[in-house]
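A.B. asks: predicted model and sequence follow; I will ask about them next.
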Amino acid sequence: MRLTDLPLRQPAYVDMIDWSAINASEGQRLREFGLCEGASVEALNRGRVFFFFGHGPVACRIGRMTIAMRRNHAAAITVRTGPDGIAAEKTA
């Protein structure tokens, strides 16, 4: 499931990131925030200004850091929940 579809406050883990959907400088910034495959992530809030158009930002927690990211960046992130995600974090 995409990060944009993750229910609010549900812990998940990054499964895959489509870096080609994110320009290089913005991708580098997200990497510096700790966004990588296997990182814990949680959607906290979605911007309401453009909610019906799907353009508002997504506030999320990556590890222990809270950031706001563009919705198109969040849509490029595939996450997983449940036992598979827990096992991945324990081995990392």
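C.D. replies: Yep, that arrived. Numbers count the residues shown, from 1 in each chain.

A.B. asks: could you pull out the strands for the protein?
C.D. replies: Along the chain, the segments classed as strands by DSSP state E run 12-17, 40-46, 58-62, 65-69, 77-80.

A.B. asks: tell me who's in contact with residue 39.
C.D. replies: Listed by CB atoms under 8 Å, 6 or more residues apart in numbering, the contact partners of residue 39 are 13-14, 62-63. In short, each C-beta sits where N, CA and C put it, glycine included.

A.B. asks: now do the phi/psi pair for it.
C.D. replies: When read as degrees, to the nearest 10, the backbone of residue 39 gives phi -70, psi 150.

A.B. asks: from residue 30, how far off is it?
C.D. replies: Applying CB to CB, to the nearest Å, the value for residue 39 to residue 30 is 10 Å.

A.B. asks: let me know the closest of the contacts of residue 39 to residue 5.
C.D. replies: Within the set of the contacts of residue 39, residue 14 lies nearest residue 5; the separation is 13.9 Å, counting by CB to CB.

A.B. asks: who's in contact with the closest one?
C.D. replies: Residue 14 makes contact with 35-39, 41, 77-79, according to CB under 8 Å, 6+ apart.

A.B. asks: what's residue 12 in contact with, if anything?
C.D. replies: By CB under 8 Å, 6+ apart, the contact set of residue 12 is 3, 6, 40-42, 79-81, 85.

A.B. asks: and the nearest residue in space to it that is not next to it in sequence, what pLDDT?
C.D. replies: Closest residue to residue 12 apart from its sequence neighbours, by CB to CB, 6 or more residues apart in numbering: residue 79 at 4.0 Å. pLDDT for residue 79: 97.

A.B. asks: residue 45 now?
C.D. replies: pLDDT for residue 45: 92.

A.B. asks: what about residue 30, neighbour count?
C.D. replies: 20 (other CB atoms under 10 Å).

A.B. asks: looking at it, it is touching residue 22, isn't it?
C.D. replies: Yes: judged on CB atoms under 8 Å, residue 30 makes contact with residue 22 at a distance of 6.9 Å.

A.B. asks: now for those two: what residues contact both?
C.D. replies: With CB under 8 Å, 6+ apart, residue 30 and residue 22 have common neighbours residue 73.
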